[in-house]
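> pasting a predicted model and its sequence here:
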2 protein chains.
Amino acid sequence: MPTIKDVAREAEVSIASVSKVLNDPNYGSVQMRSRVMRATRKLGYQPNNIARSMVMGKTKIIALVIPDIRNQFFTSVARGVEDVASKYEYRVILCNTDEDATKQREYIDTFRSKIVDGFIISVASDRDQYLAKVDGQTLPFVYIDRLCEGISADAIVVDNQDGAHKAVSYLLELGHRRIGLVAGKSDTLTGRERLRGYQEAHESVGANLHSDLMIDGGFTIEGGYEATKALLGLSQPPTAIFIANNAMTIGCLKALAEAKVKIPDEISVIGFDDSEWAEFFSPPLTVVRQPTYTMGTLAGEILFQRILGTAPQEKQEIVLRPELVVRESCRALS
Amino acid sequence: MPTIKDVAREAEVSIASVSKVLNDPNYGSVQMRSRVMRATRKLGYQPNNIARSMVMGKTKIIALVIPDIRNQFFTSVARGVEDVASKYEYRVILCNTDEDATKQREYIDTFRSKIVDGFIISVASDRDQYLAKVDGQTLPFVYIDRLCEGISADAIVVDNQDGAHKAVSYLLELGHRRIGLVAGKSDTLTGRERLRGYQEAHESVGANLHSDLMIDGGFTIEGGYEATKALLGLSQPPTAIFIANNAMTIGCLKALAEAKVKIPDEISVIGFDDSEWAEFFSPPLTVVRQPTYTMGTLAGEILFQRILGTAPQEKQEIVLRPELVVRESCRALS
DNA sequence: AGAACCCAATAAAGCGTTTTAGTGAAAGGG
DNA sequence: CCCTTTCACTAAAACGCTTTATTGGGTTCT
C-alpha cells in the first residue's frame, strides 16, 4: 500500500503539500495540484484513516449497543442510525449485548479506548451503573428506548406507559376484565413503564388487577412462549392478552397456535411493536406501533450534534408517542 | 484521558515498561509490575486503540456489507458474524448497500483506507467489478450468499439451484402445472440460480415453462407485491407460487391478502427462507430454509483464518444445502 | 528604494502506542 | 578473576498522517 510519502516522492513535492491538496482542492498552484492528483491516481493511493484518526482525534465511527439485532425493533432502529451515520460519513459498529450487563461492560470498555467518537445505547439493565465510567463530555452517547435513570445523557424514548395504557384501555372498552400481561424485564424502565400503563388503565376505569395475570416474559421469544402457556393454564384464563414487546409476541403466538386457541374468537391479542407480517397475519394483529426507524435517525442526529459540538449544553430528552393500530385480533366481549 | 505517558510518570518507570507490563503480565520485576498496575488503576488508564492500531497494523475491526439489515436473512447472518467476531475480540461495522453498487463502492473505499482488517460481503450486483480493487492479499474478504464470479475469494454459499429445485419439484409432485415464480434480481448469481432451479425442476419432469409466469421481484417487498399482483391478474393465473426470497414473500402475502385469495385452497405458496413467524402463520408456511446464522459464523471463521494467516493458500468455497420445510401452505391439485 | 504583505511550498513537531537496540548490573562459568 | 550470559529496564525510532512555523520570492504600497 502506498503512503503519502510515496505520493510526495512521485509528485516531487513535500508530504505536507500532498496532505494539503488532498484536504483542500483549492490549495496551492495549479501545477502542483495536478502533479499531486496524478501521482495519487497513478499509485492508487488511499489515505490511511488510522493515522488520520490519531492526529485528528476522531475515528469517524460510532457504535450502536442493543440487546439483539434479531429483534425487529432494533433492526429498524439500527437501519435508521446507519442511514444518518452515512450522511455524516460515519460508520457504525454493531454491538449485541443479549441483555447481558457483562457484555455491555466489555463494549463500553472498548469505546473508552478511543475507538469510537460516540455511541447510542439501549441499556441491558438499568441496575448496572458502569456507564457512569464514560464521561459524557469526552465520549458522548445517547440513550435509545431504554435508559439508566441515574446517569444523564440525551435520550430518545417512547411514552411506554401511554402505549400500554392505550392498548389495555382498548381491551377494557371491549369489555375484557381478565387481561393477561406478558410483561417485560423488570430491571428496565421500559418494562416497568409498560407494566405501569397496564395497571393504570385498569385503575382509571376501576377494574380489578389480578396478580396471577401478570407474568414476566423477559422480553424474549421463549419468555413470551412460557408466559403465555402459564396464562393459558390458569384455572380462569384471560380473555385477552397484552404482550409488552415483539419478541414475546412471537412466543405468545406460537403458544396460542400450539394450544389451538383461536384469535380473536377465543382470545384477544394486542402486541407492543408493529412488524411487517402483523398486517397480513390472520387475523391481522392489533398492535401498539412505535416509530422505530425515526427513533434511530433522531438518536443519530442528536449524537452528531454532540460530536460536532453543535448541541445545546443541557441534555435533551425526546419522547415519542406510540400509536394504537387497530386491526382484527381483538373482539368485543358480549 | 490519561495516556501511557501519565501512567509511566505516576509509576515512575519508562513508557516502554508500562507497555510491556500491560501486554505481558509476566514481564519485569514484581515491584515494577505492581507499581504499573496501581498507577493504571489509579488513573483509570485505558490504552488508546487507535495508536495501537497504527503501530500494529491491525484495527481489530471487520465489516459486514449486506443489502439491508432489515431483511431477516441478513439480520441472522449479521448476528452470526458478530458472535464469532466477539470471540476473537473483534468488532463489526455494519454496512447497508440497499443493492446499490455506488454505495457498495463507497464502503469498499473506506475499507481500503485501513479501517478494517477484513470484511464479509454479500454483493449488490455481480456486474460491478470494483471489488477487484481490493487486493485479496492485503485486505482479506469473504463472500456470503452472493458472489462476483470474476473475483476470487473464500465464499459461503447455499446451493440455490437445489433449493429452488426442491420447492418447485414438490409443487409439481402435488400436480401443479402453472407455477408462478417471483424471481430475484437477475444481476445476482443467487437470483439466477434460483431461476435455474425453477426451470430445471420443470424440465426434469417434462413440464412446460410459461414465460408469463416468471416475474422479477427484485428481491424487495414492493417487488414481490407487484409481481404477485401481476401474476394474479393473468388471464390464466397460477395455481401455485414460488417466491425466491423472504422480502418478496412478505410482499406476496400482502398482495394475496388484499386480493382475498385463500392459501392453500385457492393458491399454494412456497417461500425461500424461513422466518420466525412462518411457522405459526395461518396457514403455516412451507419454505426452503437456509442455515442463516451458521452462514454468518462460518464466514466469520474463514475470515479470521485469513486475518490470522492460518488459512490455506487456495480459496475455499463452502456450499450449504437448503432444506424444504413442509408445512401447510401447499395443497395437492386434484 | 525600502517596508509591508502575500502566497507557494516545506521542514519538522506531534498524535499514543509498540518494539528494537542498547545500558548497566547481577549471575554463572572456566 | 575475568569473560560471558542473563535480566530489568529504558531511550528512541517507527507507524502515516495533519498542522504549525518558517523560508523565500514576488507584489504592492509609500
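That came through fine.

> would you map the helices across the stretch 101-250 of chain A?
Counting by DSSP state H, counting those that start in this stretch, the stretch 101-250 of chain A has helices at residues A:101-110, A:160-173, A:189-204, A:221-232, A:246-258.

> from the stretch 151-300 of chain A, which residue is nearest to DNA strand C?
residue A:153 (24.0 Å; C-beta to the nearest atom of the strand). In short, each C-beta sits where N, CA and C put it, glycine included.

> next: the stretch 51-200 of chain A.
residue A:55 (3.7 Å).

> could you verify that that residue is part of a strand?
No - using DSSP: H, G, I helix; E, B strand; the rest coil, the assignment for residue A:55 is helix, not a strand.

> burial count for the nearest residue to residue A:12 once chain neighbours are set aside?
Once flanking residues are discounted, residue A:12 sits nearest to residue A:35: 6.9 Å by C-beta to C-beta, 6 or more residues apart in numbering or on different chains. When neighbours are defined as other C-beta atoms under 10 Å in any protein chain shown, residue A:35 has 20 of them.

> buried stuff in the strand or helix carrying residue A:35?
If you go by DSSP states H and E, residue A:35 is part of helix A:30-43. By neighbour count on 16 or more other C-beta atoms under 10 Å in any protein chain shown, the buried set for helix A:30-43 is A:32, A:33, A:35, A:36, A:37, A:39, A:40, A:43.

> also stretch A:180-193?
For stretch A:180-193, by 16+ other C-beta under 10 Å, it's A:180-185, A:187-193.

> can you redo the residues you listed as CSV with distance to residue A:215 and pLDDT?
Below are the buried residues of stretch A:180-193 laid out as CSV (distance: C-beta to C-beta, whole Å; pLDDT from 0 to 100):
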residue, distance to residue A:215, pLDDT
A:180, 7, 98
A:181, 7, 98
A:182, 6, 98
A:183, 6, 97
A:184, 11, 96
A:185, 12, 94
A:187, 16, 91
A:188, 16, 91
A:189, 19, 92
A:190, 17, 94
A:191, 12, 95
A:192, 15, 96
A:193, 17, 97
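
> what is the nearest of these to residue A:160?
residue A:193 (3.7 Å; C-beta to C-beta).

> give me the spatial nearest neighbour of the closest one, chain neighbours excluded.
Closest to residue A:193 by C-beta to C-beta, 6+ apart is residue A:160, at 3.7 Å.

> what's the domain layout of chain A?
A:4-47, A:56-158+A:292-322, A:160-289 (automatic domain parsing).

> please look at the residue of the stretch 151-300 of chain A closest to DNA strand C and residue A:142 and confirm they touch.
Yes - Residue A:153 is within contact range of residue A:142, at 5.9 Å (criterion: C-beta atoms under 8 Å).

> more neighbours: these two, which one.
The residue with more neighbours, out of residue A:153 and residue A:142, is residue A:142; 29 against 20, by other C-beta under 10 Å.

> okay, and the beta partners of the more buried one?
residue A:120, residue A:154 (DSSP bridges).

> would you confirm that it contacts residue A:307?
No - using C-beta under 8 Å, residue A:142 is not in contact with residue A:307, being 10.3 Å away.

> where do the contact lists of the two overlap?
Listed as contacting both residue A:142 and residue A:307 by C-beta atoms under 8 Å, 6 or more residues apart in numbering or on different chains are residue A:118.

> neighbours of residue A:204, just the number please.
12.

> is it true that it touches residue A:169?
Yes - Residue A:204 lies in contact with residue A:169 (C-beta under 8 Å); the separation is 7.4 Å.

> residues from the stretch 1-150 of chain A in reach of DNA strand D?
Within the stretch 1-150 of chain A, the positions near DNA strand D by C-beta under 7 Å from any atom of the strand are A:1, A:3-5, A:15-16, A:19-20, A:22-23, A:45, A:47-48, A:51-52, A:54-56.

> when you filter the residues you listed down to buried only, what's left?
By 16+ other C-beta under 10 Å, those give A:4, A:19, A:20, A:22, A:45, A:47, A:48, A:51, A:52, A:54 as buried.

> out of the residues you listed, who's near chain B?
Filtering those for proximity to chain B (criterion: C-beta under 8 Å from any C-beta of the partner chain) leaves A:47, A:48, A:51, A:54.

> so can I have CSV of these showing secondary structure?
Formatted as CSV, those follow (three-state DSSP):
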residue, secondary structure
A:47, coil
A:48, coil
A:51, helix
A:54, helix
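
> just give me the closest of the residues you listed to residue B:120.
Nearest to residue B:120 among those, with distances taken as C-beta to C-beta, is residue A:48, at 22.2 Å.

> ramachandran angles for the closest one?
Recorded main-chain torsions at residue A:48 are phi -80, psi 110, according to degrees, to the nearest 10.

> next, the angle helix B:101-110 makes with the host helix or strand of residue A:86.
Secondary structure from DSSP H and E places residue A:86 in helix A:72-87. Interaxial angle, helix A:72-87 versus helix B:101-110 (axes from the mean of the first three to the mean of the last three C-alpha atoms, to 10 degrees): 70 degrees.

> what is helix A:72-87 packed up against?
Using 3 or more C-beta pairs under 8 Å, 6 or more residues apart in numbering or on different chains; DSSP states H and E, the elements in contact with helix A:72-87 are strand A:61-66, strand A:91-96, helix A:292-307, strand B:91-96.

> kindly reformat the ones you listed as JSON lines containing mean pLDDT and mean neighbour count.
Below are the helices and strands packed on helix A:72-87 laid out as JSON lines (pLDDT from 0 to 100; neighbours: other C-beta atoms under 10 Å in any protein chain shown):
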{"stretch": "strand A:61-66", "mean pLDDT": "98", "mean neighbour count": "25"}
{"stretch": "strand A:91-96", "mean pLDDT": "98", "mean neighbour count": "24"}
{"stretch": "helix A:292-307", "mean pLDDT": "98", "mean neighbour count": "22"}
{"stretch": "strand B:91-96", "mean pLDDT": "98", "mean neighbour count": "24"}
